[in-house]
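Colleague: return atomic coordinates for the entry below.
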Amino acid sequence: DGEQLASGSDDKTVKLWNAASGDCIRTLSGHENRVFSVVYSPDGEQLASGSDDKTVKLWNAASGECIRTLSGHENWVRSVVYSPDGEQLASGSADNTVKLWNAASGECIRTLSGHKNGVLSVVYSPDGKQLASGSADKTVKLWNAASGECIRTLSGHEDWVRSVVYSPDGEQLASGSDDKTVRLWDVHTGECLRVIDDRVCAGLDITGTLGLSAGQRTALKLMGAVVE
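Modeller: Next comes the predicted model:
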């Protein structure tokens, strides 16, 4: 309903805030390491938090009580997200996997493996049939949410993929990367539709350019110039 805001911190807690007044309503304690991701369930009754203590905790949003702790990841949990119907929860971890959980029972339904480095972001498609994961292996993977099958791998980023999100109609996916670009993808074909790069020298080809010092060449590449 937009009346509250949740924040996760390096101090190992989750804080709930009144969005209108900015007052801290309560502090949720229990994690043993920093909290990297927090998300409300679609109905707003539950809250999930992913932590560097390798667990996901589910909380009662009204009382602040920890309902259960989901254990199974072998490294930091970087991202948590509920399915649109609130029945499942997905978590992405530095153990290179995505885990799907039953939000009611806390049971791990399946583990999605395939990334070659940590998973930094996970998101469900608006219809809940698909799941996308962004990874430090520089790729985005699309998964069948029911079977756990990897539908396709989207390659093109040159650095860690930090964030992924579907368009409201579920036809496109946007990914944000440490390569300082956002890519828009067609989820049906896997085609990269557009690269958004507002760096000053984005796309400038400096291959074979004479008279540039090593420092100048590095600076130009940081501003988006390319060398074939």
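Colleague: list the contacts for the closest residue to residue 96 other than its chain neighbours?
Modeller: Spatial nearest neighbour of residue 96, chain neighbours left out: residue 115 (4.8 Å); criterion: Cβ to Cβ, 6 or more residues apart in numbering. Using the backbone N, CA and C atoms, a C-beta is placed for each residue, glycine as well. When contacts are counted by Cβ atoms under 8 Å, 6 or more residues apart in numbering, residue 115 touches 96, 97, 98, 133, 135, 137, 139, 141.
Colleague: can you list those residues in CSV and add distance to residue 12?
Modeller: As requested, the contacts of residue 115 are arranged in CSV below (distance: Cβ to Cβ, whole Å):
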residue, distance to residue 12
96, 24
97, 23
98, 24
133, 25
135, 25
137, 28
139, 31
141, 30
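Colleague: which pair of those residues spans the longest distance?
Modeller: Within the contacts of residue 115, 97 and 139 form the most distant pair, 14.2 Å apart (Cβ to Cβ).
Colleague: so the residue nearest to residue 96 sits in a helix?
Modeller: No: using DSSP: H, G, I helix; E, B strand; the rest coil, the assignment for residue 115 is coil, not a helix.
Colleague: what about it, distance to residue 4?
Modeller: Distance, residue 115 to residue 4, by Cβ to Cβ, to the nearest Å: 33 Å.
Colleague: equivalent analysis for residue 189, please.
Modeller: In terms of Cβ to Cβ, residue 189 sits 39 Å off from residue 4.
Colleague: same check on residue 155?
Modeller: Here residue 155 is placed at a distance of 39 Å from residue 4 (Cβ to Cβ).
Colleague: who's more crowded, the two?
Modeller: Neighbour count, other Cβ atoms under 10 Å: between residue 155 and residue 4, residue 4 has more, with 16 against 11.
Colleague: can you list the low-confidence ranges for the chain?
Modeller: Filtered on pLDDT under 70, the chain yields the residue ranges 199-204, 206, 211-212, 216-217, 219-220, 222-224, 226, 228.
Colleague: excluding chain neighbours, what is closest to residue 154?
Modeller: Residue 154's closest residue in space is residue 140 (Cβ to Cβ, 6+ apart), at 4.1 Å.
Colleague: next up, the contacts around that neighbour.
Modeller: Going by Cβ under 8 Å, 6+ apart, the list of residues near residue 140 reads 132, 133, 134, 153, 154, 157, 161, 164, 173, 175, 185.
Colleague: can I get the residues you listed in a markdown table including secondary structure and distance to residue 8?
Modeller: Compiled in a markdown table, the contacts of residue 140 are given as follows (DSSP: H, G, I helix; E, B strand; the rest coil; distance: Cβ to Cβ, whole Å):
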| residue | secondary structure | distance to residue 8 |
| --- | --- | --- |
| 132 | strand | 21 |
| 133 | strand | 19 |
| 134 | strand | 18 |
| 153 | strand | 29 |
| 154 | strand | 27 |
| 157 | coil | 25 |
| 161 | strand | 20 |
| 164 | strand | 19 |
| 173 | strand | 24 |
| 175 | strand | 22 |
| 185 | strand | 28 |
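Colleague: residue 148: neighbour count?
Modeller: Residue neighbour count, defined by other Cβ under 10 Å, stands at 16 for residue 148.
Colleague: now it: how far from residue 116?
Modeller: In this structure, residue 148 and residue 116 are separated by 18 Å, where distance is defined by Cβ to Cβ.
Colleague: swap in residue 68?
Modeller: According to Cβ to Cβ, residue 68 and residue 116 sit 31 Å apart.
Colleague: just want to know which of these two has more residues nearby.
Modeller: Of the pair residue 68 and residue 116, residue 68 is the one with more neighbours under other Cβ under 10 Å, namely 14 against 10.
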